[in-house]
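Structure, please.
(2 chains)
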Amino acid sequence: MTITSLPQDTVSPAHLTPAQHTEELGLRESATFDRATIADIQRAAATGVYDIRGWGAKRKVPHFDDLLFLGASMSRYPLEGYREKCDTDVILGDRHASRPLHLQTPVTIAGMSFGALSANAKEALGRGASEVGTSTTTGDGGMTPEERGQSKHLVYQYLPSRYGMNPDDLRKADAIEIVLGQGAKPGGGGMLLGQKITERVAGMRTLPVGIDQRSASRHPDWTGPDDLEIKIGELREITDWKTPIYVKIGASRPYYDTALAVKAGADVVVVDGMQGGTAATQQVFIENVGIPTLAAIPQAVQALQELGLHRKVQLIVSGGIRTGADVAKAMALGADAVAIGTAALIALGDNDPRYAAEYAALGSAAGFYDDFQDGRDPAGITTQDPELSSRLDPIAGGRRLANYLRVLTMEAQTIARACGKSHLHNLEPEDLVALTIEASAMARVPLAGTSWIPGAK
Amino acid sequence: MVTLTAPETAHTSTATAGTASAGATLIDGATLIDLAGSSVRDLNQALHQATDGQAWTVKTPGGKHSLAVGIDADIDVTIDGHAGYYAAGMHQKGEVTINGNAGVGLAENIMSGKVHVTGDASQSAAATGHGGLVVIDGNAGARCGISMKGVDIVVGGNIGHMSAFMAQAGRLVVCGHAGEALGDSIYEARIYVRGTVASLGADCIEKPMTAEHLDELAGLLAAAGRTEDPADFRRYGSARNLYHFSVHNSTSY
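Predicted structure coming up:
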């Protein structure tokens, strides 16, 4: 996103900032044509190309903030916050695989590619996740030695593009995630602009240096759920039935997609809501395709329950997880674990205010920077520029991420204990109420103070 | 003949046929597995435990899926009959010969070595292959060589539509005719076609055959055991006009 100033010839005192103009002169911003919309139109008119950016949806949609926990009082009995045990571990992929993952926290790191991220960033993710006993996930660029070396538990994404895909890495993986879509862009492929296709990235992706990389939106050798079942069979055969198979879907029709993923043999289903991040895609896509994470979970859980496989085929939920409360709410709605992407990057140092001047020079600001596709990230995270990427110390970044993961876990534990739960997995929908009718209908929990769930039979 | 009886979906195999001396029958130096009585799981487990120089013959494949996938040793595997989806998937070393037809995704993501089908192959043959040689004596269906990344493919007959879509590297040789949208959105792969091309896809153009290309093609044909004259082929590749997104190209996709 590039910050665009208000037209300067429309208002007086020159010493006032645009924000002060709106306040002191009583200017009224259009709700339909707000400043961001005006800037989008101006940018489109000037360039003739749609905006491509990173990050996830920025529009406000019903989210975990619209839910509240019902702490225990009389009808429920709480656990002592700092005394009684509340377990957090999770086993993923024990439906068919002989080597399921056993993680110490249900907060995992979502797939983010080397190429989109620097090698130091990938290493930092591995260091941070390993320190707290959770997993990281590769991405479109394949598996790097830095990532495998630092990730105790590494999930290998099997993507439509199959960049860097090889059976040696497949066998080195602790789990395989077949990616059907991302929450930021269900049905869409990727676009890594040429400025990030360095020699190393190009080599891993078998592409000429410096061209725009177009990732496919669909797998090249299967076309539907029946084929997927056979494909999963092939991957199991290659890995001798040792490795859990995840299937990741972008949330759009999670009820049907979850059911079909289970039918195809998935050990774990990953559902990514529309707040999920991306390295680069069209803004119009990010903001207008897919459904909110909150709306996706109950549908996926319903599919698992109807199949009698809830908690047997694990559900990982991602897309806008920020706090331990979000973690706890996702799990109360039925998730077995969550995955974080954007929040992990922020924990590493993304959008750090100490680079304020550099963000400003790029036409953005700390907290707003999302031009990951440009490869000029001042924080050195979403870049392949050696000078910029050297700014991120993978050890220090890993430590920050580990701290953040610990906080998320402890926060979720705190809430779970207050609800009387000795394991995060014991959280349930009955622990939740909704603040709005929309959230109530989507999450399928009662509106606060009522027993009403819109649409419930 | 050895009969291995572990169930098809067993997590751990009871197969012990990783070596020719592990109870298997040797016929003409090859270990024989009959899938009429053994499972695909047992076959693959045995092949994953194999060592360089061994040979295997698979009888009664019956169109089963995922036959001989993930081979990572210099072995020869002969499948006498038809194979289903993903035969010889992610092949890394050695040679697999299918004396019959192959289903969808033959040798998908092949890394090295050779896979040879004497009959026809269904769609997405050698999809995303990174290296090695895939030879199909008969015809190949749609999307042959889709997203190929370095594999060489030689097809004796015709290929279907959208073949070599987004092909990045490697060579595709077609001794028969090519279907519609050949080489759509192609990168640096090279395509040689002896017969007609129904249509070229976005950014794919005909290119001149130089001595370098004639030599390259001759080598590929020889490796595939074919006798066609390289001079009868025409070459296709990327115009490289769509390597960078431009609004002016928006109608080209």
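
Count the neighbours of whichever residue of the stretch 151-300 of chain A sits closest to chain B for me.
Closest to chain B within the stretch 151-300 of chain A is residue A:238: 3.4 Å, counting by CB to the nearest CB. C-beta: built from backbone N, CA, C; applies to glycine. The tally of other residues near residue A:238 (other CB atoms under 10 Å in any protein chain shown) stands at 24.

repeat for the one 5 residues further on
Using other CB under 10 Å as the criterion, residue A:243 is surrounded by 27 other residues.

Against residue B:45, how distant is it?
14 Å (CB to CB, to the nearest Å).

Residue A:139 now?
Residue A:139 sits 31 Å away from residue B:45, going by CB to CB.

For these two, indicate the residue with more neighbours.
Neighbours were counted for residue A:139 and for residue B:45 using other CB under 10 Å; residue A:139 has more, 28 against 24.

Got the phi and psi for the closest residue to that one other than its chain neighbours?
What sits nearest to residue A:139 in space, not counting adjacent residues and going by CB to CB, 6 or more residues apart in numbering or on different chains, is residue A:113, at 2.7 Å. The phi and psi torsions at residue A:113 (degrees, to the nearest 10) take the values phi -80, psi 150.

need the contact list for residue A:113.
By CB atoms under 8 Å, 6 or more residues apart in numbering or on different chains, residue A:113 lies in contact with A:138-141, A:279.

Spell out which parts of the stretch 201-350 of chain A neighbour chain B.
Applying CB under 8 Å from any CB of the partner chain, we find that the stretch 201-350 of chain A lies next to chain B at A:205-208, A:211-212, A:214, A:216, A:220-222, A:227, A:230-231, A:233-234, A:237-241.

Select from those every entry located in helices.
A:205, A:227, A:230-231, A:233-234, A:237-238 (DSSP state H).

residue ranges with poor pLDDT in chain B?
Within chain B, the segments meeting pLDDT under 70 span B:1-24, B:246-253.

In it, which residue sits nearest chain A?
For chain B, CB to the nearest CB, closest residue to chain A: residue B:70, 3.4 Å.

Quick one: residues contacting the nearest residue to that residue once chain neighbours are set aside.
Nearest residue to residue B:70 in three dimensions, chain neighbours excluded: residue A:238, at 3.4 Å (CB to CB, 6+ apart). Residue A:238 is in contact with A:167, A:170-171, B:44, B:69-70, B:89-90, counting by CB under 8 Å, 6+ apart.

In those, which residue is surrounded by the most others?
In the contacts of residue A:238, the most neighbours by other CB under 10 Å go to residue B:69, 30 neighbours.

hmm, back to that, confidence-wise, which of the contacts of residue A:113 comes last?
Lowest pLDDT among the contacts of residue A:113: residue A:141, with 83.

count of residues packed around that residue?
26.

For it, give me its contacts.
A:113-116, A:163-164, A:201, A:204-205.

neighbour-wise, which of these leads?
residue A:115 (30 neighbours).

ok, that residue to residue A:272 distance?
Distance, residue A:115 to residue A:272, using CB to CB: 19 Å.

just residue A:29 next, same as before
33 Å.

what's the answer for residue B:26, then?
Taken as CB to CB, the span from residue B:26 to residue A:272 is 52 Å.

Settle it for me: which of the two has more neighbours?
Applying other CB under 10 Å to residue B:26 and residue A:272 shows that residue A:272 carries more neighbours, namely 34 against 13.

so what's that one bridging to?
Beta-bridge partners recorded for residue A:272 (DSSP bridges): residue A:250, residue A:318.

check contacts around it.
Counting by CB under 8 Å, 6+ apart, residue A:272 touches A:110, A:181-184, A:248-251, A:293, A:317-319, A:339.

Next one: the residue of the stretch 151-300 of chain A closest to chain B relative to residue A:171, how far apart?
Distance of residue A:238 to residue A:171, computed by CB to CB: 7 Å.

one step back: next one: the residue nearest to residue B:70, what pLDDT does it get?
Listed pLDDT for residue A:238 reads 98.

same thing with residue A:300?
For residue A:300, pLDDT reads 98.

Also residue A:193?
pLDDT, residue A:193: 74.

Kindly report the same for residue A:14.
Residue A:14 carries a pLDDT value of 61.

next one: phi and psi at residue A:207?
With angles defined as degrees, to the nearest 10, residue A:207 sits at phi -130, psi 160.

what do you get for residue A:448?
According to degrees, to the nearest 10, residue A:448 has phi -50, psi 130.

Report how many residues lie close to it.
Around residue A:448 there are 16 residues (other CB under 10 Å).

Can you tell me the SS state at the closest residue in space to it that isn't next to it in sequence?
Once flanking residues are discounted, residue A:448 sits nearest to residue A:433: 4.1 Å by CB to CB, 6+ apart. Following DSSP: H, G, I helix; E, B strand; the rest coil, residue A:433 is assigned to strand.

do the one 5 residues further on as well
When the structure is reduced to helix, strand and coil (three-state DSSP), residue A:438 reads as helix.

Apart from its neighbours in sequence, what residue is nearest it?
Once flanking residues are discounted, residue A:438 sits nearest to residue A:62: 4.9 Å by CB to CB, 6+ apart.

who touches the one you found in this structure?
A:292, A:294-295, A:436, A:438-439, A:442-443.

now with 6 Å?
Residue A:62 sits next to A:292, A:294, A:438-439, A:442 when contact means CB atoms under 6 Å, 6 or more residues apart in numbering or on different chains.

Just the buried residues of those residues.
Buried members of the contacts of residue A:62, scored by 16 or more other CB atoms under 10 Å in any protein chain shown, are A:292, A:294, A:438-439, A:442.

What does the pLDDT read for the residue nearest to residue A:139?
We note a pLDDT of 90 for residue A:113 in this prediction.

quick one, phi psi at residue A:332?
The phi/psi pair for residue A:332 (degrees, to the nearest 10) reads phi -60, psi -30.

quick revisit: wait, is the residue of chain B closest to chain A part of a helix?
No - assignment of residue B:70 by three-state DSSP gives coil, placing it outside any helix.

So it versus residue A:233, what's the distance?
In this structure, residue B:70 and residue A:233 are 12 Å apart, going by CB to CB.

Neighbours of residue B:229, how many?
11.

And for the one 4 residues further on?
A count of nearby residues for residue B:233, using other CB under 10 Å, gives 21.

Chain neighbours aside, what residue packs nearest to it?
residue B:192 (4.4 Å).

Find the nearest non-adjacent residue to residue 80, please.
Using chain A here. Using CB to CB, 6+ apart, the nearest residue to residue A:80 is residue A:417, at 7.1 Å.

if you could check chain B rather than the one you did, that'd help
Closest residue in space to residue B:80, ignoring its immediate chain neighbours: residue B:99 at 5.1 Å, by CB to CB, 6+ apart.

I'd assumed residue B:118 was in contact with the one you found.
Yes - between residue B:99 and residue B:118 there is a contact at 5.2 Å, judged by CB atoms under 6 Å.

How is residue 79 assigned, secondary-structure-wise?
Picked chain A for this. With three-state DSSP as the basis, the three-state label of residue A:79 is coil.

Not quite, go with chain B.
Taking three-state DSSP as the rule, one finds residue B:79 in the strand state.

For residue A:392, which non-adjacent residue is spatially closest?
residue A:380 (4.1 Å).

Contacts only, for that neighbour.
Taking CB under 6 Å, 6+ apart, we find residue A:380 in contact with A:388-389, A:391-392.
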